[in-house]
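**Student:** Sequence and predicted model, in that order:
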Amino acid sequence: MTNNNTAILLMNIGTPDSPHVDDVRKYLSQFLNDPKVIDLPFLFRKILVNLIIIPFRAPKSAKLYEKIWDAEGSPLLYHSISLQNKLQQLLNQNNKVFLAMRYGNPSIKSTLNKIKEEGFTDIIAVPLFPQWASSSTLTAINAVQREIDLWEQRPKLRMVNQFYAHPKFISTFVNQIKNFELSSYDHIIFSYHGLPISHIQASHPENDCQSCDCNISMPSCGEYCYKATCYATTRLLSKELNLKPNQYSQGFQSRLTKKWITPFTDNIIRDKALEGTKKILVIAPAFVTDCLETIIEIGIEYKELFIANGGTTLDYVPSLNDSDQWAEALKEIIEV
């Protein structure tokens, strides 16, 4: 038992152990059986996920993972490990950075066991999701809490719930975007991971979320409304980039059904191409690490969609990944 001060627990969404179908199936099973991800009655969810979705989706997803897998493995995992190491170098010796994945490996349970074995009395849990959502942030936090509740001596636990408006997060993303010559693009699209409308409505059931004007200003329900915080992030980024309202749009990607929050990014891209827009830049501020949804969905599928409908160029701004500036920003976000 050491006498360390604080354990910093970084948590990302996760990745399969390999792009092989069996590993992808195992990952999808853990991910999609989470009631925070698919909020259906238990029996219906089990039948839908395990007998319908996974058997059909696992082979297709495995082929996509093969496309992004490289000599280092999964980009989401190795960028996260590199970020962990860079953040560690910025902290004093009384703090140690750990990494866990909500689904897959290294698991939250195994990582917390290491923290426990090393005798840390304080834990700062940091889900790496800028905008709070029950299907990402909350499920990660709940997983941590469930494990710690089993400990005889519980550590002091602090959560970093979201950082969508933190000045360092915004400035770091702005600098990443400025690697591109914005004036050379006809239009810019801010794309965020979509969620079912039911998830958004659950955070403020007294309001009609679809008619909310959070695209203009932060509503009273906005602090933990994913949709509202996404629009708030876009407003902050566009202000720093000196963008006028007609220069950019915001959409939501990765939808499973039409009952997800709109507008849909792919529809915006198609419509812009049909209107005669030739060159588009896509930014994804809900992702701090590049993954299947950014590399494949935006970088390949959306590019093909844009060109097929008359566009010529669609570029994607890489996420923050393991950049030095992001590690420095994360240190301030955590406030160790």
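**Tutor:** Yep, that arrived. Numbering: from 1, shown residues only.

**Student:** tell me the domain boundaries of this protein?
**Tutor:** Each domain of the chain is listed here as a residue range: 6-162+324-334, 180-316, per automatic domain parsing.

**Student:** for the ones you listed, which one sits closest to I170?
**Tutor:** Of all these, domain 180-316 sits nearest to I170, with 5.0 Å by Cβ to Cβ. In this view, the C-beta of every residue, glycine as well, is placed from N, C-alpha and C.

**Student:** which helices and strands does the lowest-mean-pLDDT helix or strand in the chain pack with?
**Tutor:** Least confident helix or strand, the chain: helix 197-203 with a mean of 84, by mean pLDDT, DSSP states H and E. Under the contact definition 3 or more Cβ pairs under 8 Å, 6 or more residues apart in numbering; DSSP states H and E, helix 197-203 sits against helix 226-240.

**Student:** Of the domains of the chain, which is nearest V174?
**Tutor:** Closest to V174 of the domains of the chain is domain 180-316 (Cβ to Cβ; 4.6 Å).

**Student:** Just the endpoints, please. Distance across the closest one?
**Tutor:** Domain 180-316 has its terminal residues 10 Å apart, counting by Cα to Cα, to the nearest Å.

**Student:** next one: stretch 82-99
**Tutor:** 10 Å.

**Student:** list the buried ones in that stretch?
**Tutor:** Residues of stretch 82-99 classed as buried by neighbour count (16 or more other Cβ atoms under 10 Å): L83, Q84, K86, L87, N95, K96, V97, F98, L99.

**Student:** ok so, going back, which stretch in the domains of the chain has the least confidence?
**Tutor:** Between the domains of the chain, the one with the least mean pLDDT is domain 180-316; it has a mean of 92.

**Student:** picking that back up, tell me the buried residues in the least confident helix or strand of the chain?
**Tutor:** I197, H199, I200, Q201, S203.

**Student:** Quick one: distance of it to the chain centre.
**Tutor:** In terms of Cα atoms, centre = their mean, to the nearest Å, the centre of helix 197-203 is found 18 Å from the chain centre.

**Student:** Extract the CA atoms of that helix and return them as CSV.
**Tutor:** Extracted in CSV, the C-alpha atoms of helix 197-203 (Å, rounded to 0.1, in the frame of the first residue of the first chain):
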residue,chain,number,x,y,z
ILE,A,197,-35.4,12.1,-28.7
SER,A,198,-36.6,10.1,-25.7
HIS,A,199,-33.2,10.5,-24.0
ILE,A,200,-33.3,14.3,-24.4
GLN,A,201,-36.9,14.5,-23.4
ALA,A,202,-36.1,12.6,-20.2
SER,A,203,-33.8,15.3,-19.0
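
**Student:** residues near the closest residue in space to S203 that isn't next to it in sequence, how many?
**Tutor:** Nearest residue to S203, sequence neighbours excluded (Cβ to Cβ, 6 or more residues apart in numbering): C225, at 5.0 Å. The local packing count at C225 equals 25, with neighbours defined by other Cβ atoms under 10 Å.

**Student:** And W151, by the same measure?
**Tutor:** Neighbour number of W151 under other Cβ under 10 Å is 11.

**Student:** I'd like the domains of the chain written out as CSV, with distance to F173 added.
**Tutor:** Formatted as CSV, the domains of the chain follow (distance: least, Cβ to Cβ, whole Å):
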stretch, distance to F173
domain 6-162+324-334, 9
domain 180-316, 6
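
**Student:** among the ones you listed, which is nearest F169?
**Tutor:** domain 6-162+324-334 (5.9 Å).

**Student:** can you give me the offset of that closest one from its chain's centre?
**Tutor:** Worked out by Cα atoms, centre = their mean, domain 6-162+324-334 lies 11 Å from the chain centre.

**Student:** Quick one: end-to-end distance for that domain.
**Tutor:** Domain 6-162+324-334 stretches 11 Å from its first residue to its last (Cα to Cα).
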